[in-house]
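**Q** Predicted model and sequence follow; I will ask about them next.
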Amino acid sequence: MAANRVLTVLLLFVVTLAACSGPATAPDPTRASTAPTTASAPAPTTSATPSTPDTPDTPGIPATPANPGSTSSPPTPVGASFDQPWAVAPLTDVTTGEQFRIADLAASGKVVFVETMAIWCSNCRAQQVAATAAFQELDPARVDWVVIDVETAETADALARYRDQNGFPFRYAVADTALSRALADQFGDVVLSPPTVNVIILGTDGRITHLRGHHSAAELVALAHEHGG
């Protein structure tokens, strides 16, 4: 009886020992690894629109600036407007036969000198000699000299010969009765007296200046500059 009890106890001990030491457990494949992981750097993002590379300058051709400056030509001078009857009267150049008007010369931006004269007037000739010297120092694109013969007995052909013989470079014309009267109406009868040496200046600012007496080349240059020439 006692032997059976001992055998039973030993059997229970063996069974219990076998249950406690059971088979080794296989690793669970679904279990996350506890090893530290290294985060990978994100891939660079590619822009949808690629940037345009700089275009190299063409050899020998300068690059065009982003804001190029103005390349326009200097503005053409604007002259004054004159509507006096003697200024708008048509005149004929005794050398070329070309028609012109004093007002048109002034409107082109020029200072215009108008001298009344006669072929026989030595004072007039002396004034034109001084004017010729003055024009060597003045810009002919900005100053003009018009000589008007107010002697009714003198012809265009005679005036043309007078100009050529003296080597004067100016425009010469013969006044008709209407032009002479228009000049006298504004400046007085003295303007029709050649020996008095009358010079009328039309400035670019619209001024009209009536001079009497001889003026030297230096004085004429100063007057031209003063009136915009």
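**A** Looks like it arrived, so ask away.
**Q** And the pLDDT at the nearest residue to A107 once chain neighbours are set aside?
**A** In this structure, A107 finds its nearest non-sequential neighbour in G79, 4.7 Å apart by CB to CB, 6 or more residues apart in numbering. Using the backbone N, CA and C atoms, a C-beta is placed for each residue, glycine as well. Looking at G79, its pLDDT is 76.
**Q** What are the boundaries of the strands in the protein?
**A** With DSSP state E as the criterion, the chain has strands at 91-92, 99-100, 111-117, 143-149, 171-174, 198-202, 208-212.
**Q** Name the residues that touch the first one?
**A** Right, strand 91-92. Applying CB atoms under 8 Å, 6 or more residues apart in numbering, the contact partners of strand 91-92 are E98, Q99, F100, R101, I102, V146, I148, A156, R171, A173, V174, L179.
**Q** Let me know how buried the second one is, in neighbour terms.
**A** Read that as Q99. The number of residues packed near Q99 is 11, by other CB atoms under 10 Å.
**Q** State the distance from V88 to E219.
**A** 29 Å (CB to CB, to the nearest Å).
**Q** no no, I201
**A** From I201 to E219 the distance is 12 Å (CB to CB).
**Q** Please apply the same query to A130.
**A** Counting by CB to CB - A130 and E219 are separated by 8 Å.
**Q** Looking at these two, which one has more neighbours?
**A** Higher neighbour count among A130 and E219: A130, with 16 against 13, using other CB under 10 Å.
**Q** Neighbours of the closest residue to the more buried one other than its chain neighbours, how many?
**A** Distances taken as CB to CB, 6+ apart place A217 nearest to A130, at 4.7 Å, with adjacent residues excluded. For A217, the count of nearby residues is 17 (other CB under 10 Å).
**Q** Ok, F168 next?
**A** 18.
**Q** Would you mind giving the contacts of strand 91-92 as a markdown table with pLDDT and distance to T209 added?
**A** Formatted as a markdown table, those follow (pLDDT from 0 to 100; distance: CB to CB, whole Å):
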| residue | pLDDT | distance to T209 |
| --- | --- | --- |
| E98 | 97 | 27 |
| Q99 | 97 | 26 |
| F100 | 98 | 21 |
| R101 | 98 | 19 |
| I102 | 98 | 14 |
| V146 | 98 | 15 |
| I148 | 98 | 16 |
| A156 | 98 | 28 |
| R171 | 97 | 19 |
| A173 | 98 | 21 |
| V174 | 98 | 24 |
| L179 | 98 | 19 |
